[in-house]
Every structure is written in C-alpha cells, then in structure tokens.
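S.K.: what would the 3D arrangement of this be:
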Amino acid sequence: MVNVDVSNSALQRFGRESIRRTFIISCLIIEGVLVDKPAEMFDRDYEWSELTRFVRYPGAEATLGVVSGRRRQGKTFLLDAICRAAGGFYFAATEATEAESLHQFGAALARHLGEPVPRRFARWDEAVETLMTVAGSGPTPVVIDEFPYLVKASPQLPSLIQRALGPQGRRQGGAVRLLLCGSALSFMGALLAGTAPLRGRASLELVVPTLDYRQARDFWGISDPALALLVNAVVGGTPAYRREFTLGDVPGGIDDFGPWVVRNVLNPGRPLFREARFLLAEEPELRDTALYHGVLSAVADGNHTRGGIAGYLGRKSTDLSHALTALEDVGMIAREADAFHGKRSAYRITEPILGFYHAIMRPEWTDLERPGYAEQVWERSQAAFRSKVLGPHFEHLARVWTRWHAGPETLGGLRTRVASGVLPDPAAKTGHELDVVVFGRTEDGREAILAIGEAKYGDVVGQGHLERLERLRELLVRRDDRARSGVRLLLFSAAGFVPGLQEIAQGRDDLQLVGLDRLYEGS
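M.R.: Numbers count the residues shown, from 1 in each chain. You can find the predicted model right below:
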C-alpha cells in the first residue's frame, strides 16, 4: 500500500468529508496490482479507493456492487476508468427493447473478448450466465451502466442476477466484480431494499455525490470566494456543468458573472438553458411533469411548507403527498425538520440549477426563447435573484459550514445535527426564524442546543443583528430546557461586518463572525 500521511487532526475529524479531502490518494497497490487514478479525475479519492477495494477483493467468488447518484456527477467516468485500469468489461445500456438490448450487449461482450462475431443471446438468463464467466485468472470488474433502462424492458433481470450470485452460480462462474450503476435514485435505492431480489447481496453501495461548495470552487478554479458563491448558487457542484456544458467558460471576475450567466445559462443555444427541464424528463418516476414543475416553482418562490406549496398551486395539501414524496425520492428536494417543532418541516430544492430555473427562467421563458433578450431578462431579474436564489443558498451554505467544517471550539462542543427553525414567541404572538440551530449532547447523553445563528447575504451585519440574536437566545433559554445561557451566537455575512462588531467579537467567546473567507477556508 502506498504510504499516506495523515495528521492527528484529520484522524480526529474522521468521517466521509475528512476522507475525501484529507486522504489524497493518487494510486493504490492492492494484491500486488497498481491501480492509478486518472490524472484528469478531480477529487473522487474516496470513491476511487472504494471501487478499487471492491474490484481487487481477492476472493474467488463473484461479488455485487451498486453505484448511484444524480446525473452529470461523473459516475460513468469513474466506472469506465476502473474498467480500463483493471481490464474489465463496461456496458452502457440504452432505452431499448429487450431484443435490442440483448443484441447490443452481445456485440459489446464480443468486442471485449476479442471475438470477430457478436454473441447472440435469446434471453437474459443466457446473457447473465455468460457474463459471470468473463473473469480471467483474477478479479475482473464488470460494469452495467444505466441498469434501470434494462430492467424497464426486462423486469426479471434482478432475479436472474440474484440466481447467478447464488451457490450454483458461484460454482459455475469466476471472480466477477459486478457493478450495477444508475441515475434513477428511487429505482437504485429500491434495488437493495425490503424484499427486493438483490437485498443483502451487495458488497458495495456507493453513492457519488455532487461536489460540495468548497470542492466546487477548486474545481472551477475560482480564487475569489464572492464569485465562487455566485457561481455555486447557479450551477452547484455538478462536474459536467464546468466542462461539457460550458466548454470551460469560467467567469473572469465579479464583473463578468452577469455576462457569464447570459452567455451560458440564459442562452437558448447552450445546454444549461434546458437542463432543468431535462432533469425532470429523465426521471422515470416523474410522470406528471407539470405538477412537479409547479411544486418546484412554489418552493423557489419562498413557499417551503406543504401548506404554502398547496396555497401557491391552489390545491389541497393532501393532494401533494405523492408529488412531494416522488421529488424527494429522486433527490430534487429535501425535507428538513424544524429545529423546534418535530412534526413541522420545510422543503428545499437540492440542485441549484433547478432553483435558478424556477425562480428566474421559468417566469421569463417566452422572452428567453427569443435570442437577444437574455440580457434584458437578467437585468430585470436582479431583485428576484438576490431574494430567491442567493439569500436561501447562502443560508444553506451557512448550515453546511456549521455541520461539516466548523470545529468544536467554534460551536462550543461536538455537533450532532444542524437545522433551521421557527422559535415560537407566545407573548408576542409570533415566531422568529433562525437560519442555523446547532445541536449536540451533554455529558449524560441528553440533547443540547450549542449555538444559534443568522445568515445575511446582502447586509453588512452590525450591532442590530447581534442584539436580535441575543434576544432570541434569552427567549430560547426560557422556553427550551435544551438551551443554556452560554449558547454560542453565529453571524454569517457575505457583505461583511461593521468594524465595531468585529471588535466586540474579539473580546467574546460566545460570538463568532463568519464571512466569505472563513466560510470557504476556515473552521
């Protein structure tokens, strides 16, 4: 194994993100085989190490792995690379009939085996039986990409694979490392759940996530955190948007951000223009696309509760149960529990390009489809962009920073979860929104509130913001036995802080100011 230098602090913060950002693995030597990660592959160290571990498992029996993740995240690149590195077989399925898929599969398998004539399979049981024998003298990766396409035409496939992985199949086959991949999250999640045929068969369940906002900044090569935040609010951390979709077009600075949006996102001749529509159309579980677009538009407009969404659409809240569940299952929205009300939750759009489309583009679609009007649309959409896109995105990043990057010395203890919520104030007959609520545990294991915070994208935060947060802390301590008088106060701002507040923070242990530099680089 190649030596990897791991600091004590990294081990103390051991977890998924620490692995991803601390273990810089350029290559692994497993069972005497050198498996290099492609030089052009950004990050994905954790994913590459897990795939390598799975592929190079030395057992003689066949094993199963499942790889999933939203579209455009680089799953195909990862799997194709591992096949190339280890001499495996890669097959990308398409939407086709069973007969056509079998023909495509037979042709691809023959090419892999160096045979001049395509293999002919009448049924998938024959194809799977043959597939499980392709391993040579050692473990061999076999990838079936876009697996949901095959199952749509041939529902029996998971059961056939289950049989091939059983005792009889293992006796007849070899050390195949079978990897099933797909972007239909609801389908891939159900593949190993409940009473599904492949339940309990997988040795690897790998989800390829989007790059987080810090990784996305590095991937785009943007040094200015203010510009990185703007870009991330529009396209998030999806790798394909940096390369294939924009051909490497990166804003040259803050002044170029608006022109960059106009030429890449609001331009009907560029793929990002219709990407949000395609994301819904590509999900097989989302059939009533008009309703789903309506739900996303409601959330993008600031309606985050089920009742608010129903009011926006003019429907009963009970009528939206299926739509909300379906959007959540495919990873397009997330339901986040209120910090102070266990039965209350808020919905958030998880993919920034979806939020940008529904907040900015969909209301202006008629003008945007006519070339030459994008700049006008962008100019008159600035207020909506700040309030409906940048503001909510900055609040979300404040929670992400608090959850994954802030240290215990900042929060006053080890966090267990981070949420937002509405703090009730019966005396004033109102509720107060808190963008960040940090939970931890006391020494005896009870839940405790460690910190509360407020995030302002466009405001220079000053004494008034601090006084409001202090009043809310007093209210919280009176109402909630999980809070104590020493609850930390967190103030986030993209526009900066007044000098007097910075001086106050320097002399207080219970107050933390988080600007863009700290959001992107500090803890």
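S.K.: would you map the strands across this structure?
M.R.: 27-30, 33-36, 63-68, 89-92, 140-145, 176-182, 202-207, 333-337, 345-349, 415-425, 430-441, 447-456, 488-493, 511-514 (DSSP state E).
S.K.: tabulate those (a markdown table), appending mean pLDDT and distance to His405.
M.R.: For the C-beta atoms, the positions are set from N, CA and C on the backbone; glycine is no exception. Putting these into a markdown table (pLDDT from 0 to 100; distance: least, CB to CB, whole Å) gives the following:
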| stretch | mean pLDDT | distance to His405 |
| --- | --- | --- |
| strand 27-30 | 40 | 27 |
| strand 33-36 | 58 | 30 |
| strand 63-68 | 97 | 26 |
| strand 89-92 | 97 | 36 |
| strand 140-145 | 97 | 33 |
| strand 176-182 | 97 | 30 |
| strand 202-207 | 96 | 21 |
| strand 333-337 | 97 | 19 |
| strand 345-349 | 97 | 19 |
| strand 415-425 | 97 | 11 |
| strand 430-441 | 97 | 13 |
| strand 447-456 | 98 | 14 |
| strand 488-493 | 98 | 12 |
| strand 511-514 | 98 | 10 |
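S.K.: what's the closest of the ones you listed to Glu282?
M.R.: strand 176-182 (11.3 Å; CB to CB).
S.K.: partners of the closest one in the sheet?
M.R.: Note on strand 176-182: by DSSP bridges, its sheet partners are strand 63-68 (parallel), strand 140-145 (parallel).
S.K.: nearest spatial neighbour of Asp288, chain-adjacent residues omitted?
M.R.: Ala323 (7.3 Å; CB to CB, 6 or more residues apart in numbering).
S.K.: correct me if wrong: that neighbour contacts His293.
M.R.: No. The criterion here is CB atoms under 8 Å, and Ala323 misses it with His293 at 10.3 Å.
S.K.: rewinding a little: got the contact list for the residue nearest to Asp288?
M.R.: Contact partners of Ala323, counting by CB atoms under 8 Å, 6 or more residues apart in numbering, are 288, 291-292, 295.
S.K.: turn the strands of the chain into a markdown table, columns for mean neighbour count and distance to Gln502.
M.R.: As requested, those are exported to a markdown table (neighbours: other CB atoms under 10 Å; distance: least, CB to CB, whole Å):
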| stretch | mean neighbour count | distance to Gln502 |
| --- | --- | --- |
| strand 27-30 | 15 | 45 |
| strand 33-36 | 15 | 47 |
| strand 63-68 | 23 | 45 |
| strand 89-92 | 19 | 54 |
| strand 140-145 | 23 | 52 |
| strand 176-182 | 26 | 49 |
| strand 202-207 | 17 | 40 |
| strand 333-337 | 17 | 31 |
| strand 345-349 | 20 | 31 |
| strand 415-425 | 18 | 24 |
| strand 430-441 | 19 | 20 |
| strand 447-456 | 22 | 15 |
| strand 488-493 | 24 | 11 |
| strand 511-514 | 20 | 7 |
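S.K.: ok, Ala175 touching Ala135?
M.R.: Yes. Under the criterion of CB under 8 Å, Ala175 makes contact with Ala135 at 4.7 Å.
S.K.: hey, what's in contact with both of the two?
M.R.: Counting by CB under 8 Å, 6+ apart, the shared contacts of Ala175 and Ala135 are Ala62.
S.K.: re earlier: tell me the pLDDT at the residue nearest to Asp288?
M.R.: Reported pLDDT at Ala323 in the predicted model: 95.
S.K.: with Arg484 instead?
M.R.: The per-residue pLDDT reported for Arg484 equals 89.
S.K.: state the distance from the closest residue to it other than its chain neighbours to Arg508.
M.R.: Take Arg484 and drop its neighbours on the chain: the residue closest to it by CB to CB, 6+ apart is Val477, 6.7 Å away. Per CB to CB, to the nearest Å, Val477 is found 17 Å from Arg508.
S.K.: next: Ile452.
M.R.: 15 Å.
S.K.: helices along the stretch 201-350 of the chain, start to end?
M.R.: Taking DSSP state H, counting those that start in this stretch, the helices of the stretch 201-350 of the chain run over residues 213-220, 225-235, 257-264, 275-281, 289-300, 306-313, 321-329.
S.K.: what packs against the fourth one?
M.R.: When you say that, I think you mean helix 275-281. helix 289-300, helix 352-356 (3 or more CB pairs under 8 Å, 6 or more residues apart in numbering; DSSP states H and E).
S.K.: now that helix: buried residues?
M.R.: 275-277, 279-280 (16 or more other CB atoms under 10 Å).
S.K.: picking up where we left off before, distance to Gly189 added to the strands paired with strand 176-182, as CSV?
M.R.: Shown next, in CSV, are the strands paired with strand 176-182 (distance: least, CB to CB, whole Å):
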stretch, distance to Gly189
strand 63-68, 7
strand 140-145, 17
